[in-house]
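# with the sequence up front, the predicted model follows.
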Amino acid sequence: MLAGGAFAAVLLPRVAAGVNCDQVRRYLQTGRSAQDVSETMIISVDEVKKCQASAPGQQKGEQSPAPTPPASK
């Protein structure tokens, strides 16, 4: 019973806090797949796709620009 309670205690704060769409979009901009982001952030692929679709200033079908590499010195 203790293990189940500890598991719930670990997951409840993340579920209650919601999904950090800004972080999801940052991961996606680095070229990660929706599946990879969902595994990293321990959220569903559907949540990743919702964040991707709700990007501010983005219209349907419009891709976000690829990240620019840092300038080398």
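That came through fine.

# which residue ranges of this protein form helices?
Per DSSP state H, the chain carries helices over the ranges 2-17, 21-29, 34-41, 45-53.

# which outside residues touch the last one?
Where contact means Cβ atoms under 8 Å, 6 or more residues apart in numbering, the residues beyond helix 45-53 that reach it are 19, 21, 24, 25, 28, 34, 35, 37, 38, 41, 60. (Glycine included, C-beta is placed from N, CA and C.)

# over to the second one?
Contact with helix 21-29 is made by 34, 36-37, 40-41, 43, 47-48, 50-52, 54-55, 64, 66-67, as judged by Cβ under 8 Å, 6+ apart.

# which of the contacts of helix 45-53 are buried? Put it as a PyMOL command.
In PyMOL, this line selects whichever of the contacts of helix 45-53 come out buried by 16 or more other Cβ atoms under 10 Å:
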select buried, resi 19+21+24+25+28+34+37+38+41
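
# and the contacts of helix 45-53, which is closest to residue 72?
For these, the residue nearest residue 72 by Cβ to Cβ is residue 28; the value is 24.6 Å.

# residues in contact with residue 19?
By Cβ under 8 Å, 6+ apart, the contact list for residue 19 reads 41, 43, 47, 50, 51.

# in these, find the pair that's most separated.
Farthest pair in these (Cβ to Cβ) is 41 and 50. Separation: 12.7 Å.

# thanks a lot, see you next time.
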